[in-house]
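**Student:** A predicted structure for the sequence below; I have some questions about it.
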Amino acid sequence: MYQNLRQFLAYLRQEKMLAEIEAEVDPYLELPEIHRRVIDAEGPALLFTKVKGSSFPVVTNMFGTSRRVDLAVGPKPERIVQQAVKALPSLVPPRLKTLWQEREWLTSLTKIGLRTVKEGQAPVLEVREQTVDLRKLPALTSWPEDGGPFITLPLVYTEHPATGEHNLGMYRIHIQEAAQTGIHWQIHKGGGFHHYEAERLGQDLPVTLFMGGPPALILAAIAPLPEMLPELIFTSFLMGEKLSRVQTEAHPHPLIAEAEFAFCGMVPAKVRRPEGPFGDHYGYYSLEHDFPVFKIHTVFRRRDAIYPATVVGKPRQEDYFIGEYLQALLAPLFPVVMPGVKSLWTYAETGFHALAAAVVRESYHREAVAHAWRILGEGQLTLTKFLLITDIPTDFSHFKGLLETVLERFEPEADLIIIPETSMDTLDYTGRRLNHGSKAVMLGLGSPKKKLPEEYTGGKLPQIPEARPFCPGCLVLQAPAFSGQEHLAQDLLDLVQEEGRKEWPLYILVDDLEHALDQTGFLWQVFTRFDPAHDIYVKTEVKHNRLVYQGPMIIDARMKPGYPKELVPDPETVKLVDRRWQEYGLKLPN
């Protein structure tokens, strides 16, 4: 496939999937507003050739449709994964006849790996800058309350200080000074582990920040890979050929030969500085907190480097399409890694970590609970906040159907597990404290236990002007703002036990009912606004040292004090882009 960014852009241009904007555009708010409109319309990738304050062109929205993500790597990786999983039982132990039968995809694996090229074969070395000034980059300020410009497609390379094992991750980079940035390590991510080990040893951590390179490199940096699978090897697998690197005396790490930029430096031990705020992929601002800093001593780049960027915010943005592709690619591996887990999905609309669902084996009583623990102990899945479990095959893409399947089998006294005092995704503030929160598991197993209501006939509830079903069994309630009505969910518990109401197993309080009834709006508004231990309300008693719950269950998914603000574009920038739209020369699909 594509060895570098340029080859991919050339193909997109050929297929009329790339629009070039020649008018001068400001990376402060204006460019991101254009990007958001184009991705909303499922429009093309964007190449901004004249960016205010910088000599580098900017490319965005490369992965803004499922089609373009597929084009970035082609169908071969998915086919190999499927063939490998299917063949695995017959390959253990290996037999010559079986190996011969599977020779096509096995042979393709011999092309995977890393290779070292000479300096003259590495375009990233064309320019070397030792006087570093990051302010010359066309870094984006995407939202009006962002703490400054950010590098939004950073490929951050680190190595374990003791073992040398590498990690390539995407951790946002806040430009703070000419040669210094903040680096937003998130918990349970490889770069953060390496930094933790380096600090424990009292060492600074060498870091290389790449931009560009093969499109597969960007996808690999985002992929939720098992710890034992290196991202650069996964990149090579997606490319279908070896990944080229080059060694330089200026830095201990080898550099990606086909990258657009390579920023070389280190993260000093025990140094912290305020980082953020930043409008992130949850659809809210993540707040200012102290994070490590990245000090850069050398920049390598192509002579005519292109600056790749993205914009995150409320779903659906570019990260949605990348996440969907990677999940579909890796999904066949889940039953291999976690026997008994037949299929699994996390929901991009919730920021991925806030909601996962799985179909599991239930061959004996409560086996499904063991599989739930297995999921919650696997890699980045440990950050899952709410986990739906069933043993009924279901289409994860149709969430209403999935929730209905669970609810008609769900009995709170046996099937609701709330786990307080756990870790939480760094970007999820519902736990009321950074990196702290809780989890819940909701099971729906076996044969249906009830017929779910489809129409609400229980009469008006106090303080609730409107109630509408999301799906059979789930009633969404328009509620007043949380402040001043903090006890509303608790007050409703007795009322939902009454005839005409107790038949609904799940009630959800929301701020905006109108936008909580389609799948994307429901998933985003509900699962990004509650913490299980704080915000699930259900009749509870203690029996034999365990909590026993009695339904119905109420989830208070309203915005709470201390939650970050929802992302809203700057009104003046919206007007500016409206006025200038014809200058951009963009024609969007209807």
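**Tutor:** Looks like it arrived, so ask away.
**Student:** how about residue 408, nearest residue that isn't a chain neighbour?
**Tutor:** Of all residues not flanking residue 408 in the chain, residue 448 sits nearest, at 4.3 Å (Cβ to Cβ, 6 or more residues apart in numbering). All C-beta atoms are positioned from the backbone trio N, CA, C, and that covers glycine.
**Student:** report the secondary structure state of the one you found.
**Tutor:** Recorded secondary structure, residue 448: coil (DSSP: H, G, I helix; E, B strand; the rest coil).
**Student:** so how far is residue 498 from residue 458?
**Tutor:** Distance of residue 458 to residue 498, given as Cβ to Cβ, to the nearest Å: 7 Å.
**Student:** returning to that earlier point: relative to residue 109, how far out is the residue nearest to residue 408?
**Tutor:** 45 Å.
**Student:** which SS class is residue 39?
**Tutor:** Classification of residue 39 by three-state DSSP places it in helix.
**Student:** wait, what's in contact with it?
**Tutor:** 61, 64, 311, 316, 317, 318 (Cβ atoms under 8 Å, 6 or more residues apart in numbering).
**Student:** the stretch 101-250 of the chain: strands as residue ranges?
**Tutor:** Ranges of strands in the stretch 101-250 of the chain, per DSSP state E, counting those that start in this stretch, are 114-116, 127-129, 150-151, 155-159, 166-169, 173-177, 180-183, 205-212, 243-246.
**Student:** what about the closest residue to residue 73 other than its chain neighbours, how many residues nearby?
**Tutor:** Nearest non-adjacent residue to residue 73, counting by Cβ to Cβ, 6+ apart: residue 238, 4.6 Å away. By other Cβ atoms under 10 Å, the residues close to residue 238 number 27.
**Student:** ranges for the strands of the stretch 451-590 of the chain?
**Tutor:** So, for the stretch 451-590 of the chain - with DSSP E, counting those that start in this stretch - the strands run 466-471, 474-478, 506-510, 536-543, 546-556.
**Student:** shaky segments in the stretch 401-550 of the chain?
**Tutor:** The stretch 401-550 of the chain contains no residues with pLDDT under 70.
**Student:** quick one: buried residues of stretch 334-345?
**Tutor:** Neighbour counts using 16 or more other Cβ atoms under 10 Å place 334, 335, 338, 340, 341, 343, 344, 345 of stretch 334-345 among the buried residues.
**Student:** stretch 241-251 now?
**Tutor:** For stretch 241-251, burial by neighbour count (16+ other Cβ under 10 Å) applies to 241, 242, 243, 244, 245, 246, 248, 251.
**Student:** now those in CSV, with distance to residue 284?
**Tutor:** Formatted as CSV, the buried residues of stretch 241-251 follow (distance: Cβ to Cβ, whole Å):
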residue, distance to residue 284
241, 40
242, 41
243, 36
244, 39
245, 38
246, 40
248, 40
251, 36
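**Student:** okay, those residues in JSON lines with pLDDT and distance to residue 187 next?
**Tutor:** Formatted as JSON lines, the buried residues of stretch 241-251 follow (pLDDT from 0 to 100; distance: Cβ to Cβ, whole Å):
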{"residue": "241", "pLDDT": "89", "distance to residue 187": "34"}
{"residue": "242", "pLDDT": "93", "distance to residue 187": "33"}
{"residue": "243", "pLDDT": "95", "distance to residue 187": "28"}
{"residue": "244", "pLDDT": "96", "distance to residue 187": "33"}
{"residue": "245", "pLDDT": "97", "distance to residue 187": "29"}
{"residue": "246", "pLDDT": "97", "distance to residue 187": "33"}
{"residue": "248", "pLDDT": "93", "distance to residue 187": "32"}
{"residue": "251", "pLDDT": "94", "distance to residue 187": "27"}
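**Student:** closest one to residue 34 out of those residues, please.
**Tutor:** If you rank the buried residues of stretch 241-251 by distance to residue 34 using Cβ to Cβ, residue 243 comes first, at 32.6 Å.
**Student:** residues in contact with the closest one?
**Tutor:** 113, 114, 115, 214, 217, 232, 235, 236, 256.
**Student:** OK, contacts around the fourth one?
**Tutor:** With Cβ under 8 Å, 6+ apart as the criterion, the residues that contact residue 214 are 1, 2, 3, 4, 5, 235, 239, 243, 258.
**Student:** again, 10 Å this time
**Tutor:** Contacts here follow Cβ atoms under 10 Å, 6 or more residues apart in numbering; on that basis residue 214 touches 1-5, 7-8, 72-73, 220, 235-236, 238-239, 241, 243-244, 256, 258-259.
**Student:** of those residues, buried ones?
**Tutor:** With burial judged by 16+ other Cβ under 10 Å, the buried subset of the contacts of residue 214 is 1-5, 8, 72-73, 220, 235-236, 238-239, 241, 243-244, 256, 258-259.
**Student:** filter those residues down to the ones in helices?
**Tutor:** If you go by DSSP state H, the buried ones among the contacts of residue 214 have 5, 8, 72, 73, 220, 235, 236, 238, 239 in helices.
**Student:** tell me the contacts of the fifth one?
**Tutor:** Residues in contact with residue 220, defined by Cβ under 10 Å, 6+ apart, are 73, 155, 168-170, 213-214, 229-239, 243, 326.
**Student:** same check on the first one?
**Tutor:** When contacts are counted by Cβ under 10 Å, 6+ apart, residue 5 is found next to 59, 62, 211-215, 217-218, 258-260, 302, 305-306, 308.
**Student:** now the spatially closest residue to residue 446 that is not a sequence neighbour: how far from residue 456?
**Tutor:** With sequence-adjacent residues excluded and distances taken as Cβ to Cβ, 6+ apart, residue 446 is closest to residue 409, at 6.0 Å. Per Cβ to Cβ, residue 409 is found 21 Å from residue 456.
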